[in-house]
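**Q** I would like to see how this sequence folds:
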Amino acid sequence: MNALSEWLELEVKRDGSVYQQRYERGNPVTPLTVVGKTKKRGTKITFKPDREIFEVTEYSFDTLAHRLRELAFLNRGLEISVTDERTLKASLFKYKGGIVQFVEHLNENKNPIHSPVLISDEKEGTVLEVAIQYNDGYTENLFSYANNINTKEGGTHLIGFKTALTRTINNYAVTNNLLKGETLTGDDIREGLTSVISIKLANPQFEGQTKTKLGNSEIKGLVEAVVNDRLGTFFEENPSIVKKIVEKALNAARAREAARKAKELIRRKNALDIGNLPGKLADCSEKDPALCEIFLVEGDSAGGSAKQGRDRRNQAILPLRGKILNVEKARFDKIISSEEIRTLITALGTGIGGDDFDLTKARYHKVIIMTDADVDGSHIRTLILTFFYRQMTQLIENKYIYIAQPPLYKVSRQKSEQYIKDEAGLNKYLIKIASEEVELWDTEKKSFIKGDRLEKLLSKLVTYKGLIDQISKKGNDPDVIATLAQANIERETLREKNTLESIIERIRERFTSRRPGDSINVEITSDEEHKAYKLEIDIRRGGVQQNMIIDEDFISSPEFREIKSLSPVRTGLGAPPYKVRAQDKEHMVESSAGLLDFIMEVSKKGLNIQRYKGLGEMNPEQLWETTMNPETRTLLQVTLEDSVIADEIFTILMGDQVEPRRKFIEDHAREVKNLDV
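**A** The predicted structure is shown next:
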């Protein structure tokens with residue numbers, strides 16, 4: 001972490017003292033120093049990812065939380081707490097049941113048919129834990145770990161488990177005359193299975209391109225023996241459970257046989273023959289799959305525009321009629337009986353299901369989902385992604401799947417037209433316009449500024465305002481934050497009582513001039529841990545009391561540092577009030593937020609802003625230029641970063657249970673923007 005950070009600050013509390021040290025790009029720039037006294041113990045690390053190393057430096061709370069929850073499941077009794085101070089979103093993870101609770105969590109939005117089965121053993125320093133639970137669904141979910149590392153590519157521990165499970169269930173079924181002449185394959189037996197396999201060993205050997213495949217040969221036999229023995233004993237003691245599992249496997253086998261017959265029938269009719277492609281597919285002339293791309297388009301209207309606007313050399317178009325089958329709720333035989341899905345399988349050329357799927361036969365190495373920006377379009381896109389995730393995962397794993405990003409806005413100005421992807425792009429465009437039509441008085445140079453310099457100042461102001469809004473959601477007052485930022489308060493400032501008293505006076509003046517109806521009380525108190533002072537602030541607004549503490553933790557927080565660096569006083573915008581000239585008239589604006597609002601309104605005059613809802617609203621030329629032209633378009637690549645999270649989301653959104661879906665929508669409703677109903 002240290003070597004990958006632009007800077008890192010370490011704070012350790014132990015032996016009655018508080019120690020601090022700072023590093024920059026891995027090198028210490030201050031000595032380890034005692035800065036105060038404490039009765040607490042612990043370590044705090046604050047760091048900023050190095051932008052010279054990472055393209056994306058914004059952390060995802062959900063990704064971090066899911067990984068930390070995974071670690072808590074895999075290490076029974078371990079307590080992990082995580083808080084996103086940007087949004088105050090927080091989670092606490094502690095699971096006394098370990099991986100048993102893990103499979104219960106994975107089946108939370110499904111219908112389990114029995115309680116979880118736990119198998120655990122330790123041999124020669126190797127610890128094995130396996131949790132098993134079947135549900136009434138059709139999807140197999142196996143998650144394997146070695147030394148807490150998610151072995152996404154499997155390995156010897158997973159092979160040993162699969163072999164033992166298939167053999168043990170088949171042996172029991174044969175011995176107890178449950179098969180009645182039918183045959184069960186491993187795939188039949190694992191339908192509806194959710195299982196977590198965790199092994200901890202001294203010298204793991206990882207293989208594969210991403211080192212997520214366990215290669216220790218001795219582990220296969222160990223896992224196989226333990227699972228065979230313990231599962232066999234469990235089945236003898238719980239015959240009702242194994243009978244349910246066998247009956248479910250028999251149903252899967254019958255469905256597999258029905259699907260096989262359906263496939264044979266389809267093949268005889270040439271419906272899955274690559275040489276006989278679907279009639280509505282507008283194919284391309286290029287024969288090299290690596291150069292070819294196919295657009296999956298919603299409906300005939302958009303399909304018509306796409307067919308006319310495409311590059312016929314390497315772009316194919318496949319219009320899909322309506323909403324395809326939700327494969328989350330369907331068995332395989334029903335899936336391949338769906339006409340739209342058969343059309344899709346035929347066009348892609350890979351085949352489907354187990355041994356029949358062959359990635360090397362893919363006719364296109366870019367499969368682009370292109371749907372409208374409304375609710376129906378989002379639903380269709382999710383149905384298609386569900387199909388690919390559940391039935392053609394290798395297309396996602398090999399990064400063949402993309403989502404088109406048609407523009408959300410068309411802005412007409414005089415005789416020119418501009419296509420803009422999203423709201424952030426629209427704001428950027430409006431600032432560009434404003435910098436050409438508005439002038440701002442520079443108090444230092446005693447002249448008006450415009451053009452590039454004004455554009456840069458306004459862009460920083462937009463970011464500054466966003467950060468102020470973000471930190472205000474934590475219960476911090478925006479006027480207090482802005483005053484502290486303008487005063488350029490630092491850690492050392494908290495050790496200078498006279499300077500703090502001066503800053504307090506500035507805060508009171510700001511409240512008196514801008515918010516005469518509100519009351520504020522600020523006290524300077526001692527912060528013994530850091531041998532400094534802190535500000536305790538009480539604000540009363542309309543009968544509501546708000547409390548703030550400004551201490552070293554707050555001053556050192558990444559959000560406040562960024563706010564300080566973008567403060568209008570520091571960026572060159574200056575302190576309010578601001579004098580603005582627009583259309584030969586001068587205006588006085590009392591705040592930086594008011595300045596931004598005023599300039600945005602001015603920039604919108606004379607513009608016609610059209611918001612697109614459907615691809616069919618664009619003519620072929622517009623669709624080509626904005627969404628299909630490789631030189632100008634934007635595509636989102638679909639990747640699979642965490643299969644646990646992916647399975648959970650698809651189950652919630654596309655499964656049978658209504659309540660988890662309702663809760664998901666409620667939890668994420670505030671994140672939705674520009675919803676078209």
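**Q** just give the nearest non-adjacent residue to Lys243, would you?
**A** Nearest residue to Lys243, sequence neighbours excluded (C-beta to C-beta, 6 or more residues apart in numbering): Leu178, at 6.8 Å. Placement of C-beta: from N, CA and C, glycine included.
**Q** now do the one you found against Phe235, distance only.
**A** 11 Å (C-beta to C-beta, to the nearest Å).
**Q** now for the two: what residues contact both?
**A** Common neighbours of Leu178 and Phe235, counting by C-beta atoms under 8 Å, 6 or more residues apart in numbering, are Tyr172.
**Q** who has more neighbours out of those two?
**A** Of the pair Leu178 and Phe235, Phe235 is the one with more neighbours under other C-beta atoms under 10 Å, namely 22 against 19.
**Q** residues contacting the more buried one?
**A** Contact analysis of Phe235 by C-beta under 8 Å, 6+ apart lists 168-169, 172, 241-242.
**Q** confirm it sits in a strand?
**A** No - using DSSP: H, G, I helix; E, B strand; the rest coil, the assignment for Phe235 is helix, not a strand.
**Q** where's Arg495 relative to Ala434, distance?
**A** Per C-beta to C-beta, Arg495 is found 42 Å from Ala434.
**Q** now do Glu601
**A** Distance, Glu601 to Ala434, using C-beta to C-beta: 9 Å.
**Q** same deal with Val223?
**A** Distance of Val223 to Ala434, given as C-beta to C-beta: 65 Å.
**Q** okay, those two: which has more neighbours?
**A** Per other C-beta under 10 Å, whichever of Val223 and Ala434 has more neighbours is Val223, with 27 against 24.
**Q** give me the pLDDT for Lys613.
**A** Note on Lys613: pLDDT of 72.
**Q** make that Lys673, sorry
**A** Looking at Lys673 specifically, the model assigns a pLDDT of 51.
**Q** in this protein, which helix is the longest?
**A** helix 239-268 (DSSP state H).
**Q** pLDDT averaged over that helix, what's the number?
**A** Mean pLDDT, helix 239-268: 82.
**Q** what is the following helix or strand past that helix packed up against?
**A** Toward the C-terminus, helix 239-268 is succeeded by strand 293-298 as the next helix or strand (DSSP states H and E). On a contact count with 3 or more C-beta pairs under 8 Å, 6 or more residues apart in numbering; DSSP states H and E, strand 293-298 meets helix 299-309, strand 315-320, helix 339-348, strand 366-370, helix 375-391.
**Q** what sits up against strand 293-298?
**A** Outside strand 293-298, the residues that touch it by C-beta under 8 Å, 6+ apart are 303, 306, 310, 314-320, 344, 347-348, 363-372, 376-377, 380, 384, 404, 615, 628.
**Q** try 7 Å this time
**A** 303, 306, 314-320, 347, 364, 366-372, 377, 380, 384 (C-beta atoms under 7 Å, 6 or more residues apart in numbering).
**Q** filter those residues to the buried ones?
**A** Among the contacts of strand 293-298, those scoring as buried are 303, 306, 314-320, 347, 364, 366-372, 377, 380, 384 (criterion: 16 or more other C-beta atoms under 10 Å).
**Q** thinking again about what came up before, quickly find the element holding the residue nearest to Lys243.
**A** Per DSSP H and E: Leu178 is located in neither a helix nor a strand.
**Q** my guess is it meets Ile245, correct?
**A** No - using C-beta atoms under 7 Å, Leu178 is not in contact with Ile245; the gap is 10.0 Å.
**Q** the helices in the stretch 351-500 of the chain, which residues?
**A** Secondary structure of the stretch 351-500 of the chain, counting by DSSP state H, counting those that start in this stretch: helices at 375-391, 393-397, 423-437, 452-472, 478-486, 497-514.
**Q** give me the three-state assignment for Tyr23.
**A** When classified by three-state DSSP, Tyr23 comes out as strand.
**Q** that one and Glu6 touch, don't they?
**A** No - with contacts counted by C-beta under 7 Å, Tyr23 stays clear of Glu6, the gap being 9.9 Å.
**Q** who has more neighbours out of those two?
**A** Tyr23 (19 against 16).
**Q** show me the beta-bridge partners of the more buried one.
**A** Leu8, Pro28 (DSSP bridges).
**Q** ok, now which ones touch it?
**A** 2, 7-8, 29.
**Q** return the entry from these with the maximum number of neighbours.
**A** In terms of neighbours by other C-beta under 10 Å, the contacts of Tyr23 top out with Leu8 at 20 neighbours.
**Q** how much space separates that one from Gly26?
**A** Going from Leu8 to Gly26 by C-beta to C-beta gives 8 Å.
**Q** overlap in contacts of those two?
**A** Any residue near both Leu8 and Gly26 by C-beta under 7 Å, 6+ apart counts here, and that gives Asn2.
**Q** can you show me the helices along the stretch 501-650 of the chain?
**A** Taking DSSP H, counting those that start in this stretch, the helices of the stretch 501-650 of the chain run over residues 552-556, 558-565, 568-571, 592-604, 620-623, 643-654.
**Q** so which of the ones you listed gets nearest Ile132?
**A** Closest to Ile132 of these, according to C-beta to C-beta: helix 643-654, at 16.2 Å.
**Q** name the residues that touch the closest one?
**A** Contact with helix 643-654 is made by 66, 70, 106, 109-110, 141, 143, 152, 326, 328, 382, 386, 389, 640, 660-661, 664, as judged by C-beta under 7 Å, 6+ apart.
**Q** average pLDDT for that helix, rounded please.
**A** Across helix 643-654, the average pLDDT comes to 80.
**Q** cool, stretch 184-192 as well?
**A** What stretch 184-192 shows for mean pLDDT is 93.
**Q** okay, now that stretch: how far is its last residue from its first?
**A** 14 Å (C-alpha to C-alpha, to the nearest Å).
**Q** with stretch 626-634 instead?
**A** 8 Å.
**Q** chain center to that stretch, what's the gap?
**A** 24 Å (C-alpha atoms, centre = their mean, to the nearest Å).
**Q** for that stretch, which outside residues touch it?
**A** Under the criterion C-beta under 7 Å, 6+ apart, external residues in contact with stretch 626-634 comprise 306, 309-310, 315, 370, 404-407, 419, 421, 625.
**Q** that stretch: which residues count as buried?
**A** Per 16+ other C-beta under 10 Å, stretch 626-634 contains these buried residues: 626-628, 633.
**Q** switch the residues you listed over to a markdown table; also include distance to Ile335 and pLDDT.
**A** What follows is those, written out as a markdown table (distance: C-beta to C-beta, whole Å; pLDDT from 0 to 100):
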| residue | distance to Ile335 | pLDDT |
| --- | --- | --- |
| Thr626 | 34 | 88 |
| Thr627 | 29 | 91 |
| Met628 | 29 | 94 |
| Arg633 | 31 | 89 |
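**Q** farthest-apart pair in those residues, please.
**A** Pairwise distances across the buried residues of stretch 626-634 peak at 7.9 Å for Thr626 and Met628 (criterion: C-beta to C-beta).
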